[in-house]
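Undergrad: Give me the fold of what follows.
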Amino acid sequence: MRPDDQVAPDSANVLVDNKTLDQSGKLAQSFRLHDLIPLSVSSVGPMFSVAATGGVMAAIAGWWTLPAIAILAVPFIVSSFVFRLLNRHFPNSGASYHWSARVLGKSISRYQAWILILAYFISIPPIAIPAGTYTLAIVAPHYHPTQIIELLVTIFWIVFAAIPLLLGAKPTARITQIFFAVEMIALVSFAIVGLAKLPTIAVPIHFGPPPIGGILIVAVIAATILDGWEIDSYAAEESIKPREHPGLGGIIGALGALMFYAILYPLMLAETPLHSLANAQDPLAIWSQRLVPGEPWLILIPILLSTAGGLWLTTFILTRALFAMGRENLIPPRFATLNRNAVPFFAIIVSLGLALVIVTLQLFVGSLSSFFTLVLSSAGFFLLAEFFFDSLTALVFLTIGHKRLPDVQIQPHSHRALAVASALSTLLMGILLVAFFVYGPRAIGNGIDETIGALLGLGFAFAWFTRGRTTKAYVFHGDNLT
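TA: Below you'll find the predicted structure:
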């Protein structure tokens with residue numbers, strides 16, 4: 001074993017640099033299970049996810065969108081149980097990054113850190129811009145905003161997202177719960193109205209020949225609508241019962257989100273002509289117009305709240321991961337500093353600040369717009385890659401990895417079914433990642449393969465140049481407060 005692959009025992013918290021992070025520099029344990037569940041479901045953002053990707057999916061795969069989502073749902077549901085297992089043994093704000101360090105070694109963990117940063121950071125601008133768009137559509141539906149107005153409204157939501165994050169874990173949970181309640185009421189209401197009107201506004205169902213490439217691409221895109229529930233893993237150090245609740249909230253969030261998609265997508269496709277949905281910027285608004293004509297605000301308000309919640313919760317995941325990386329000196333230790341509310345304020349400000357820079361360049365620099373569009377279109381690929389590493393980590397841990405950790409006691413035979421499921425999940429995700437390179441240019445545009453290839457290559461450079469920076473893994477005690 002290489003020196004940089006060594007990890008610390010569970011018996012004590014190992015601090016990276018006592019001058020940078022002392023015992024007081026800990027995240028506050030304040031989340032209960034009833035906090036984690038709304039965080040997990042809201043972070044998925046069911047209404048925003050359908051609004052943001054439904055049009056693209058309909059254009060690429062039509063009715064075959066449904067089996068495409070089902071294909072990816074299987075490994076993602078498996079992943080939720082994988083996260084539950086890993087949280088019980090290794091609760092840590094770095095979650096995926098920390099688990100791979102403990103099981104696969106620090107070398108692989110450094111590369112996964114790069115994938116994790118990309119996966120969540122490039123997910124932020126595609127959420128921030130629509131937040132501004134939906135706001136303008138509600139307050140001034142017939143107004144054609146200038147780029148400056150679009151930017152100002154987007155800045156408002158980025159600043160708004162920073163407020164609960166900087167105020168602390170509890171305010172973040174409380175504001176999320178309010179937005180979550182409105183979104184759930186809207187989801188249930190539209191599902192009921194959709195079911196009631198199905199006999200009168202149904203359109204013909206036509207699958208046609210299966211577009212294999214389209215199904216595979218939509219399955220990768222579905223990573224952006226099936227992720228987010230894992231937020232409770234990144235909130236492990238802020239949970240009152242860190243070895244019991246993180247992971248459990250994620251399972252509930254993943255199953256809940258899948259249930260909503262299983263109702264909303266079939267209804268939307270069954271009640272709206274496919275040509276109207278294909279490449280629509282807001283397919284939910286088109287569907288709602290058929291359900292409740294002349295009242296677009298009924299759907300736009302919950303979509304906006306879903307979008308806003310997704311904005312700060314995606315940032316939450318990223319900043320907790322950056323906090324863990326800064327704590328271990330993989331990135332500048334400044335990212336591990338906490339404000340008086342016990343949140344990593346520097347990581348929050350930098351993440352949202354850089355996202356604002358990208359949004360500004362997208363809106364005002366035409367020559368860079370196409371480049372950023374390609375980069376941001378790869379979010380689904382890197383999210384899927386992140387879950388691929390997690391499934392691989394679980395597979396190794398449940399077969400041979402636990403033997404490297406004498407302080408971790410497990411009975412492999414009791415987890416045999418999860419080990420098999422992890423192997424199948426890893427295989428399926430790997431196939432989808434490879435398929436993306438084959439069919440991606442046709443579905444998304446030329447240059448997507450080169451863009452992803454370059455970003456993956458930069459990950460090797462990141463892992464190489466940071467090989468001397470990291471120290472022993474910070475091991476969280478995982479003590480229950482109650």
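
Undergrad: now for the helix or strand containing Phe387, which elements pack on it?
TA: Element membership of Phe387, judged by DSSP states H and E, is helix 379-399. Contact partners of helix 379-399 among helices and strands, from 3 or more Cβ pairs under 8 Å, 6 or more residues apart in numbering; DSSP states H and E: helix 65-89, helix 96-103, helix 106-121, helix 212-221, helix 223-226, helix 416-443. Placement of C-beta: from N, CA and C, glycine included.

Undergrad: List the buried residues of the longest one.
TA: Applying a neighbour-count criterion of 16 or more other Cβ atoms under 10 Å, the buried positions in helix 416-443 are 418-419, 421-423, 425-426, 428-429, 432-433, 435-436, 439-440, 443.

Undergrad: Distance from the chain centre to it, please.
TA: A distance of 18 Å separates the centroid of the chain from that of helix 416-443, by Cα atoms, centre = their mean, to the nearest Å.

Undergrad: I'd like the average pLDDT over that helix.
TA: The pLDDT scores in helix 416-443 average 91.

Undergrad: Measure how that helix sits relative to helix 65-89, angle-wise.
TA: Relative orientation of helix 416-443 and helix 65-89, computed by axes from the mean of the first three to the mean of the last three Cα atoms, to 10 degrees: 130 degrees.

Undergrad: counting contacts, what elements does helix 416-443 pack onto?
TA: Against helix 416-443 (3+ Cβ pairs under 8 Å, 6+ apart) you get helix 65-89, helix 212-221, helix 379-399, helix 448-465.

Undergrad: And for the third one?
TA: Packing partners of helix 106-121 (3+ Cβ pairs under 8 Å, 6+ apart): helix 96-103, helix 297-327, helix 345-364, helix 379-399, helix 448-465.

Undergrad: For the stretch 201-350 of the chain, give me the ranges with low pLDDT.
TA: Nowhere does the stretch 201-350 of the chain drop to pLDDT under 70.

Undergrad: gap between the two ends of stretch 324-334?
TA: Across stretch 324-334, the terminal residues are separated by 11 Å (Cα to Cα, to the nearest Å).

Undergrad: Let me have the helices and strands packed on helix 379-399 in JSON lines, extended by distance to Ser378.
TA: Shown next, in JSON lines, are these (distance: least, Cβ to Cβ, whole Å):
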{"stretch": "helix 65-89", "distance to Ser378": "16"}
{"stretch": "helix 96-103", "distance to Ser378": "18"}
{"stretch": "helix 106-121", "distance to Ser378": "8"}
{"stretch": "helix 212-221", "distance to Ser378": "10"}
{"stretch": "helix 223-226", "distance to Ser378": "10"}
{"stretch": "helix 416-443", "distance to Ser378": "9"}
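
Undergrad: right, and these - which one's nearest Glu386?
TA: helix 106-121 (4.7 Å; Cβ to Cβ).

Undergrad: Contacts made by the closest one with the rest, please.
TA: 2, 4-7, 96-98, 100-101, 314, 317-318, 321-322, 325, 330, 351, 354-355, 378-379, 382-383, 385-386, 389, 455, 458-460, 462-463, 466-467, 470, 473 (Cβ atoms under 8 Å, 6 or more residues apart in numbering).

Undergrad: Nice, that's everything, thank you.
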